[in-house]
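Engineer: the following block contains a protein sequence and its predicted model.
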Amino acid sequence: MVEIDPFKAIRYNAVKLPNLSNVICPPYDVISVPDYHRLLAQHPRNMVRIELPLAQGKKDKYEIAAGFWTQWQNQRILTREKEPSFYGYEERFAVGGQPYFRRGFFAALRVETPGKGHIRPHERTFPKHKEDRLRLMRATHANISPIFGIFFDPKGTAQALIDRRLAEKPLTVCRDDKGVTHRLWKWSDPETIKILKKVVSSGDVLIADGHHRYETAWNYGQERARQDRAKSTSRRAYRYVMTFLCPLSDPGLVIQPTHRAVQLSATLDEWKKRIEPDFAMKPISGLSALITRLRLKNEHFGMGFVLEGGKLFWLKPKAKGPPMPVVSLHEGILKDVPLEHISYGQDARDLVLNLQRGECNAVFLLPPPDKDAFATVCRAGRLLPQKSTYFFPKVTTGLLMRSLDGDVSDL
């Protein structure tokens, strides 16, 4: 059974920093070097200093992060809430000119052995990223950025409650430099906590984003438990990870595709040998027509194929196969292509421009993943290829942090 609990968040002090727009940042894995310096220029106390620290002199970057974490709390730049709470969260954004509102709440999610139980991953993880996050966690004893989980709400009970509570005045509102508006609420009342705990515990939680942070939370919890002399560690804060939870049914839950550019010199006939066992190849008139087709609601199972020289095709599956075409792409068409010969991007036109410049030999354009198909794959325990999903926008870092010392809550 999935277990969630309220927690006492650590937040920026609204008296000293009333506008959070200049101190929030994206999660570590999407921050480029230019992004880093731009975020620091926005405010010297931007959370990027702790989320993605840089070494200074003889101090390694994790010591630097721990120093800022301690210093900002001592200076009351960061303060801890007095009561355990769930925190309502809404992101307002646009995709293709259409407005969306993604809604859910933050909670402390009890970690399970990765790959077992009711918390379902969908991507493989890499040791380098986990080691980095583990060292940051050891240094700060904190969750600096949340993971992102999806839960099932078949009766709409949680969705109705969240929508009703989000009609109230928010605790804080800020806007990031990507144009996404973030709104936060605090819910401490027993009834809201009881209802949300019951709905989430009745089904699985799918990890949408933060696989490395989730596995790191498990490893860190095991490490701390071995050091803890208490008779029982089940309620210790380190047994949980800060998580944004969103219902699968939420209309604002947007999954964008990640397209593939491939370096593989092959003729059209050689590509056909790879493609035609699983897909029928149908020529298509141009890139705009191909992109339009990808956006159609009933085209979740096909994909586009662009070959050097300007040849474009729609690939239609010949038989009912995996519910997401990215699986057929990697397990069939590209099964023997080394991963280092595959690059990724969210912008279809950019990848095709790279093809025209000779930076790759072929491009596969994928449709937006179907939410229900994604859920089916996760619940079956199947791991998807790397970068199969892109949940847009990212859940921001800096609105809430969480200590891993003490117990999860004192309710």
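Structural biologist: Nice, thanks for sending it over.
Engineer: list the buried residues in stretch 177-193.
Structural biologist: By 16 or more other Cβ atoms under 10 Å, the buried positions in stretch 177-193 come out as 180, 182-187, 192-193. Placement of C-beta: from N, CA and C, glycine included.
Engineer: and those residues as JSON lines, adding secondary structure and distance to Pro26?
Structural biologist: Formatted as JSON lines, the buried residues of stretch 177-193 follow (DSSP: H, G, I helix; E, B strand; the rest coil; distance: Cβ to Cβ, whole Å):
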{"residue": "Val180", "secondary structure": "coil", "distance to Pro26": "10"}
{"residue": "His182", "secondary structure": "strand", "distance to Pro26": "12"}
{"residue": "Arg183", "secondary structure": "strand", "distance to Pro26": "17"}
{"residue": "Leu184", "secondary structure": "strand", "distance to Pro26": "17"}
{"residue": "Trp185", "secondary structure": "coil", "distance to Pro26": "22"}
{"residue": "Lys186", "secondary structure": "coil", "distance to Pro26": "23"}
{"residue": "Trp187", "secondary structure": "strand", "distance to Pro26": "25"}
{"residue": "Thr192", "secondary structure": "helix", "distance to Pro26": "29"}
{"residue": "Ile193", "secondary structure": "helix", "distance to Pro26": "29"}
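Engineer: the stretch 101-250 of the chain: strands as residue ranges?
Structural biologist: Using DSSP state E, counting those that start in this stretch, the strands of the stretch 101-250 of the chain run over 119-120, 142-143, 147-151, 172-175, 181-184, 205-209, 240-247.
Engineer: any residues touching the longest one, and which ones?
Structural biologist: Residues external to strand 240-247 that are found in contact with it (Cβ atoms under 8 Å, 6 or more residues apart in numbering): 4-5, 7, 89, 102-111, 143, 145-153, 158-159, 162, 200, 205, 208, 210, 213-214, 217, 253, 395, 400-402, 408.
Engineer: stretch 28-35 too?
Structural biologist: Against stretch 28-35 from outside (Cβ under 8 Å, 6+ apart): 25-26, 39, 48, 51-52, 129, 132-133, 145, 212, 394, 397.
Engineer: switch the cut-off to 6 Å
Structural biologist: 51-52 (Cβ atoms under 6 Å, 6 or more residues apart in numbering).
Engineer: just name the shakiest helix or strand of the protein by mean pLDDT.
Structural biologist: Least confident helix or strand, the chain: helix 371-379 with a mean of 89, by mean pLDDT, DSSP states H and E.
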